[in-house]
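> need a structure here:
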Amino acid sequence: MHFTWSTFALQTVNFAILVWLLHRFLYRPVLSLIDARRAEIEKQYSVAHEVEAAAKAARDAAEAEHADIVAERSATLRQAAGEADAAAAARRAQAEREVSALLDSARKTLATEREQALVEARRSALDLGAEIAGRLLAEMPMRLRAEAWLVRIDEHLSGVTPIERQALAGELSNGDRLTVVTASDLPAEAAAAWRERLQHTLGDHLTIDFIVDSSLVAGTELHFPNTILRFSWKSTLAAMRAEIAADAHAR
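Residues are numbered from 1 along each chain as shown. Next up is the predicted model:
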């Protein structure tokens, strides 16, 4: 693969644009959503405090009533005081239970919605990033993209053990064909280079068919009779979505 400063600069600019788009159209809206939800919870906290204040006022009123009863009739003081204290304690206990339940519910709701928002944000970021990266990648010459993926295939095949490489070659020893699936059409020059490199690695007898599957988004897959080697964004994105789903389930 030939390295050029213009290609490196182009990739750097594309990456900077991607980061800027993610920050502007995903990160800020998610923060706004979380801030709005926080404001709603704070409002619920305020209502809870008002309930507590009302309960306190009711308790004070009951105590004032008790004081009046004491002043009016000493004979009924003990009975009225007991009833008033019991009523005030019951109201206070009920109010405290209601406030505690409300606060606990609000905390749990906020935590759950925060987790859901984070999961959805990760999913949206993944989808948006894949879409933006795909569009940016489409602006690169197909020759450069094809060469980059071919280098990745070479690195993978060079990294496997001789036994694994022989096993792959053995799948094609009986005249079976290797199918190279790409996200878009390879130029004739690139296809010829791929055929030459793969034959050099897996055997001169190798017969190769090239087909296009746009669902790969970018990259390629090598379909042997019994094995598939995946080097596409489709498989990478699927693995990342599975990881997000597993994290959400674990939480």
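> mean confidence score for stretch 7-19?
Averaged across stretch 7-19, pLDDT comes to 77.
> buried ones in that stretch, by neighbour count?
By neighbour count with 16 or more other CB atoms under 10 Å, stretch 7-19 contains the buried residues Asn14, Leu18. For the C-beta atoms, the positions are set from N, CA and C on the backbone; glycine is no exception.
> now that stretch: how far from the chain's centre is it?
23 Å (CA atoms, centre = their mean, to the nearest Å).
> cool, stretch 21-38 as well?
On the basis of CA atoms, centre = their mean, stretch 21-38 sits 14 Å off its chain's mean C-alpha point.
> buried sites along that stretch?
By neighbour count on 16+ other CB under 10 Å, the buried set for stretch 21-38 is Leu22, Leu26, Val30, Ile34.
> need those residues in a markdown table (columns: distance to Met240 and pLDDT).
Below are the buried residues of stretch 21-38 laid out as a markdown table (distance: CB to CB, whole Å; pLDDT from 0 to 100):
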| residue | distance to Met240 | pLDDT |
| --- | --- | --- |
| Leu22 | 15 | 73 |
| Leu26 | 15 | 71 |
| Val30 | 18 | 71 |
| Ile34 | 23 | 78 |
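> now, which of the residues you listed sits nearest Ala167?
Within the buried residues of stretch 21-38, the smallest distance to Ala167 is 41.6 Å, found for Leu22 (CB to CB).
> wait, a helix at Ser184?
No - per DSSP: H, G, I helix; E, B strand; the rest coil, Ser184 lies outside any helix segment and is coil.
> distance of Ala148 from Ala218?
In this view, Ala148 and Ala218 are 10 Å apart by CB to CB, to the nearest Å.
> neighbour-wise, which of these two wins?
The neighbour comparison of Ala148 against Ala218 (other CB atoms under 10 Å) goes to Ala218, with 22 against 15.
> and the pLDDT at the more buried one?
For Ala218, the model assigns a pLDDT of 82.
> what do you get for Leu178?
In this model, Leu178 carries a pLDDT of 90.
> do Phe210 as well
The per-residue pLDDT reported for Phe210 equals 92.
> is it bridged to anything, and to what?
Here Phe210 sits in beta bridges with Val180, going by DSSP bridges.
> dump the residue contacts of it.
Each residue near Phe210 by CB atoms under 8 Å, 6 or more residues apart in numbering is listed here: Thr179, Val180, Thr182, Leu186, Ala191, Trp194.
> for it, give its distance to Ala188.
Taking CB to CB, one finds Phe210 at 10 Å from Ala188.
> re earlier: which one among the contacts of Phe210 gets closest to Gln94?
Closest approach to Gln94 among those (CB to CB): Thr182, at 69.5 Å.
> which element is Leu229 on?
Element membership for Leu229 (DSSP states H and E) is strand 228-232.
> quick check: mean pLDDT across that strand?
Strand 228-232 comes out at a mean pLDDT of 87.
> repeat for stretch 88-101
81.
> what's that stretch in contact with?
By CB under 8 Å, 6+ apart, stretch 88-101 touches Ala48, His49, Val51, Glu52, Ala54, Ala55, Lys56, Ala58, Arg59, Ala62, Glu63.
> inside helices: which ones of those?
Taking DSSP state H as the definition of helices, the contacts of stretch 88-101 contribute Ala48, His49, Val51, Glu52, Ala54, Ala55, Lys56, Ala58, Arg59, Ala62, Glu63.
> hmm, back to that, and the contacts of Phe210, which is closest to Arg107?
Looking across the contacts of Phe210 and measuring by CB to CB, the closest to Arg107 is Thr182, at 51.2 Å.
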